[in-house]
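> Sequence and predicted model, in that order:
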Amino acid sequence: MSLFCDNRQRLVSRLKAKPNETRWIPGTFIVLQGGVEVPFNDTDIQWPFRQESFFQWCFGVEEPGCYGAIDVNSGASILFVPRLPPEYAIWQGKLHTLDDFKKRYDVDETHYTDEIASVLKEKSAQALLTLNGKNSDSKLTTRETIFDGIGEFRVDLEHLYPAICECVKNGPLKHTISIETDEGTAILYCSDIERLKNTDVEQVLDAINSGNTDKEVYSILENKIANEINCRIALQSLKKMIELESEWNRYRKTSSNAQSFAETINRDMILQQLVSLIVKSQDSEMILQGLRALKRDRFSRSTNIYKDRICNEVMIRATDGELTIPQLIRAVRILVNYGNSKYRNCIDMLWVGLACREHDIKPDLLIPLFRSLRYFQRSKNMVQIILEKKLSEQWLKLTGSQMANILNCLYGKESSQECLSSASKWANVSMTTSTEKDLVNFIGGLHTKKYVNENIEQALARYVTSKGTEMKDPHLIASIMDYCKDLRIRNSYILTECGKYFIRHGTQIPPTLLSLILAPFGLLNLQPPDPIEFWKMFDEVMSARFSDLKLNDALDILLSCTYLERYPIKLLDKVFSSYLMNRLQTQRDAPIVNHLKNKLKLFDATMSLECKDYRGSPINLDRNTKSLSLDMRIKGIINKIHKPLAHLVGGEHKLSRSVVLSSRVIKSPQEIEVLRYVCKISSEAHKIVMRSMCPGIPEYKAEAWFLNYVYAEGGCRHVSYTCICGSGHNSSILHYGHAGAPNNKVIQDGDMCLFDMGGNYCGYAADITCSFPANGKFTEDQKLIYNSVLKARDAVIAAAKPGVAWIDMHLLANKVMLISLKKGGLLVGDVEDMIKAGLNEVFQPHGLGHLLGLDVHDVGGYLPGHPERSKDAGVRKLRTARTLLAGMVLTVEPGCYFVDCLLDAALADPIQSKFLVPEQLQRFRGFGGVRIEDDILITETGVENMTDVPRTVEEIENFMQS
C-alpha cells in the first residue's frame, strides 16, 4: 500500500504548491468516488469489476462502492466502505470490519458510506475538491462524485483533475539504476544505491573466488576410503531406521506408546548425524537415495532440518551440474511425492541442472523429461524451451510411439507449436518407414492433440498410396479414418486407399472397428472407391456382423449410409429387432439411452424424408405429439398451400403442417447443439485445471488455465460469469472471486478446491462446478462430504423428467444429503423434521439449480401462470419452481458448506440445534464446502447430462494422478 500512500502525498504536495492565488482554506478535502458493479444487461450477473482509475491511484481499493477523502492540509486519508447486511457473508465471505479495512489499505480512518456527510462535518469540512475533466482519448467526462449530503458543502470542480493528472515527483526516482539493453531499459532497484556504487568490485570477486588452498591434500586422500564406508553405512542405517519405524507404527498404541520429548530429541540428533554423513560423501547417487529414504519418514514433522539439509545438497549439486539427466529425473520424481509443498517447490530449481546437462539429453531421455514437465511451476517455461530445442534436434531418431508419448505428455499451454512442428517434420520424413504399430500410436497422439497440417495430411496420403495392399493392421486403418473424421480431413487419396482396404479385408475386420472405418465416408461426404465392390462387401459384412455391433456403432454406420444416399432397407429388420431394442432397454445409463434414442429418431426422420420405400419405424420413438390449439384461419391457409409446396419439395411426407417453435425456456435443436458444445469445452477446461492442480499455486493461476483453454481451444470470447476458484475456507463462499476476494489465496496441501467456471460461446452459457482435493487424494472427511453431495446429484439425475416439479427435486437432493450427513455422525434425528426446521438451508444456502441458456441464470424461472417463489425456509432461494418440460436446460448443483455464521445461528436456534452434533461439526470449521454442478437437458424420458468431467472419488483421484 506504500505506492498509494505515496500517490496521496504527491497529490497533496502538488496542490499545496499551487500559486498563492489558490490557497487552500482549512477544511478543504479531496473526495473521490470509487467504481460500482455493473450488471450484465438485465441479469443478476455482474461484469468483471475494475476499479475507477483515479480512485485506484489514490487508494488501491479492490472492493466496489467505496469513497475516499484526503485532508489537503494534513494529508490524512479516510476510506468509506459500504455497510453490508450480515447475510452477505454467505455469498461474499467474511464481512471485514472497519479496522480490517484500515489496516489493509493503510489509511488513517475508515467509516461507512452512509456516514460521509456526518464525518466530513465533524472534521469541519468547508470545501470539497472533486473530479471534473474530459478524457482526451475517449472524449468522455469523468463521473461526478455524488453522495447523500454533498449539497451542504462547497464543491470545487476545477483544480483536482489537472493536479491529479500531472502529479509527478521532482526529479527522477531514487534508489534505481537504469541500464540500456537491446531489449529496452532495465531498472535495478536497491535500498542504498550509493553504497552499491562505492563497493570495491574487485574485492567482491576475490572474496567469491578465494578458496582454502593450503589444506592437506594427502590427509584428505588418506581418509577418503574410510569416509566412503561411513557414508554407505549411514545410508543403510537411515533406510533401516525408517523401515523399522514404519513397521512399528502399524502395531503401536498411541495412548501408551507415544514418544517422549527426550526420545524425540535423541531421534532427531541421530537423523541429523546420518544425513550429515550421507551429504559428506559428495556422491550424487547416495544423496538421492537418502532423499528418497526421508520421503518415507512419517514420524518427523513435515519440514525439518535434516530434510532441509539433504534437499539443499541436491539443489546445490544440480545447480553445479553434478547430477546426470537420469538423476535429475529421479530427483523430480522423489520430490513430487514429498508431503510438504516446501520441498515440492524445490523442483523449480532443478531447471538449472538441466540447462547445465543439456548436451547429455539423448532421445531415450526425452520422454521421461517431458513427463516430468508437469511438476515444474515457475520454471516450467525454461524447461519446456530446453526440451523443445532438444526435440527439434533429435526428432529424426525417435519412433512414432516415442513421438506419441511426448505429445501425450503435453496439454493446455504446454501443447506448444514447436513440439507439434517436430511431430509434423517426423511425419513428413519417417512415416513411410515406420511400423504399423508405431504409426497407430503416432496418429493417436496427433488425434489427442487435435492437430493436423498440410504436411501431415500429405504424409498420410503418401503412406497409404505407397503401401496400398501391404497394409495389414485394421487398427491402423481405423486410426487413420477416425483421425480424418474428427479433424475433417477430406482427402480423397487417404479415404480411397482405406476404402480399398475394406473391400479386400472387410470380413476380417473386428466389429469394434467397423464404425470407425465406415462412418467417415458419410460424415465427410465422400463416396467410397469402386462403389459396386464396396457396397457388395458392405452388405456381406453387415449381414454377417450386425448382431455383433454395438447399437451406437450400428446407427453411426447406417446414418453414414443415408448421408451418401444409400438407404439400408435390407437392414431395417435388424435395426428395429427385438434383440437390439432389448439391449437399449437394459441400458441403465440415462444419458446414453437418450443419446441412442436421438440417433434412432434422426435415422427414422432421415429415412422418412429421403427414402420412398421406408414405411416408418415399427416401434414408438417417443416423438413429441402434444397438441396445441391453432387459429382456424391459419389452418385454412395451410391447407390451401400445402399441396403446391409439397409438390415443390418432392412429396407431402417431406413437409410438416404443424411445427412448435421453441421459447427461451424450451431450447431448439440448434440451441441444444451450441449448449452441448460450450459444455464440452468447459468440461475439458475443468479437466485441464484438475490435472494441473497441485498445492502451492495461487487460485488465480487455476482461473487462468481455464480461461486460456476456453478461449484458445474453444473459441470463446467470454466466460459466463466471474470465475469462482475457492480453496480451503474460501470454498464455502458461494460467490467467491468477486472484487473484494479475487481468487488470490495460495492453495495449500490438504485444501478442498471448489471451482465454478463456465465458458460462453455464441452468447450461450455453461455453468459447471468441480470439487476436488488440491493434492489429488481425498481425506476421509473430504470423502464423507463429497459423497454426500454426489449422492444428492445422482438422485436428481435419476429422478428428473418431464412432469416433475423442480421444488421436489430440490427437496430430494436436500433429503439425500442430510441422510448421508446423519450417517457420517454430524446430525441426529429425523430427516423430515430437519427439513421442516429449515436445516437444509444451513448446509445448502442456495437452490438446486437454475435455467440455463443465453443467460447463465436464464429467464422464465418465475412467470405468470407458473408456481410463485416460496417464502418457506429451505426452498425460498430456488431460482425456479416450475414443472420440468422436455427441452429445458438447467443446472443441477447440490452443495454442502460449513459457513460459520450459519452454523453459529443454527447452534443457537432451539429447534435446529437439537439435530446438530457440535463436537463432530467442530472439526469441519474452516473445511469450506463442496458443490457438484452439472448442466442437463430434460429429454422426453429423463435427462441428458451435457457435463463430462470425473465425478466419483475414484475417478477424480485416478484422473489427477494420471
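Received the coordinates, thanks. Just so you know, these numbers come straight off a predicted model, no measurement behind them. Numbering: from 1, shown residues only.
> can you pull out the helices in the stretch 1-150 of the chain?
Secondary structure of the stretch 1-150 of the chain (DSSP state H, counting those that start in this stretch): helices at 2-16, 53-59, 88-92, 98-105, 116-122.
> and the longest one, how far from the chain's centre?
Spelled out, it's helix 2-16. Here the centre of helix 2-16 is set off from its chain's centre by 41 Å, with CA atoms, centre = their mean, to the nearest Å.
> picking up where we left off before, do you know which of the helices of the stretch 1-150 of the chain lies nearest E954?
helix 88-92 (31.9 Å; CB to CB). All C-beta spots, glycine's among them, are computed from the backbone N, C-alpha and C.
> CA atoms only for that closest one - export them in PDB, please.
C-alpha atoms of helix 88-92 as PDB (Å, rounded to 0.1, in the frame of the first residue of the first chain):
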ATOM      1  CA  TYR A  88     -23.900 -11.200   2.600                       C
ATOM      2  CA  ALA A  89     -21.300 -13.300   4.500                       C
ATOM      3  CA  ILE A  90     -22.900 -16.400   2.900                       C
ATOM      4  CA  TRP A  91     -22.300 -15.100  -0.600                       C
ATOM      5  CA  GLN A  92     -19.100 -13.000  -0.300                       C
END
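> Just the mean pLDDT for that helix, thanks.
The average pLDDT for helix 88-92 rounds to 77.
> Adjust the sequence numbering to begin at 55 for everything that follows.
Yep, numbering from 55; the last one is helix 142-146 now.
> can you tell me how far the closest residue to S178 other than its chain neighbours sits from Y731?
In this structure, S178 finds its nearest non-sequential neighbour in G81, 4.8 Å apart by CB to CB, 6 or more residues apart in numbering. Noted for G81: a distance of 61 Å to Y731, by CB to CB, to the nearest Å.
> ditto for E973
49 Å.
> Between the two ends of stretch 761-771, how far is it?
Its start and end residues considered, stretch 761-771 measures 10 Å (CA to CA, to the nearest Å).
> Buried residues, that stretch. List them.
761, 763-765, 767-768, 770 (16 or more other CB atoms under 10 Å).
> Could you single out the nearest of those residues to Q438?
Y763 (17.3 Å).
> mind listing what that closest one touches?
466, 735, 738-739, 742 (CB atoms under 8 Å, 6 or more residues apart in numbering).
> All the strands of the stretch 655-804 of the chain, in order from the start?
772-773, 778-781 (DSSP state E, counting those that start in this stretch).
> what's the shortest one packed up against?
Taking 3 or more CB pairs under 8 Å, 6 or more residues apart in numbering; DSSP states H and E as contact, the helices and strands that strand 772-773 lies on are helix 753-766, strand 813-815.
> same thing with the last one?
If you count contacts as 3+ CB pairs under 8 Å, 6+ apart, strand 778-781 packs onto helix 753-766, strand 806-811.
> Point out the most buried one among those.
Highest mean neighbour count among the helices and strands packed on strand 778-781 (mean count of other CB atoms under 10 Å): strand 806-811, with a mean of 26.
> what's next to that one, contact-wise?
Residues contacting strand 806-811 (CB under 8 Å, 6+ apart): 736, 739-740, 743, 747, 756-757, 760, 773, 777-782, 784-785, 801, 821-828, 836, 981-985, 987.
> Can I get the helix or strand H559 falls within in CSV? Just the C-alpha atoms.
Assignment of secondary structure by DSSP states H and E places H559 within helix 546-559. Taking Å, rounded to 0.1, in the frame of the first residue of the first chain, the C-alpha atoms of helix 546-559 are listed here in CSV:
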residue,chain,number,x,y,z
SER,A,546,-9.7,-38.5,-51.4
TYR,A,547,-6.4,-40.3,-51.6
ILE,A,548,-6.5,-41.4,-48.0
LEU,A,549,-10.1,-42.4,-47.9
THR,A,550,-9.8,-44.2,-51.3
GLU,A,551,-7.0,-46.4,-50.1
CYS,A,552,-8.8,-47.1,-46.8
GLY,A,553,-11.9,-48.0,-48.7
LYS,A,554,-9.9,-50.4,-50.9
TYR,A,555,-8.6,-52.0,-47.7
PHE,A,556,-12.2,-52.6,-46.6
ILE,A,557,-13.0,-54.2,-50.0
ARG,A,558,-10.0,-56.6,-49.6
HIS,A,559,-10.3,-57.4,-45.8
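> contacting residues for T616?
Contacts for T616 (CB under 8 Å, 6+ apart) come out as 576, 657, 660-661, 664-665.
> ok, now R847?
867, 946, 948, 986, 988, 1005.
> related to what we said a few turns ago, any of the contacts of strand 806-811 buried? List them.
736, 739-740, 743, 747, 756-757, 760, 773, 777-782, 784-785, 801, 821-828, 836, 981-985, 987.
> where are the low-confidence patches of this structure?
72-78, 190-193, 220-283, 301-319, 465-469, 631-643, 671-689, 707-717 (pLDDT under 70).
> Show me how the record splits it into domains.
56-219, 263-301+321-390, 522-664, 723-1015 (the TED database).
> Turn these into JSON lines, including distance to L702.
Formatted as JSON lines, the domains of the chain follow (distance: least, CB to CB, whole Å):
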{"stretch": "domain 56-219", "distance to L702": "42"}
{"stretch": "domain 263-301+321-390", "distance to L702": "68"}
{"stretch": "domain 522-664", "distance to L702": "14"}
{"stretch": "domain 723-1015", "distance to L702": "24"}
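> All good on my end, thank you.
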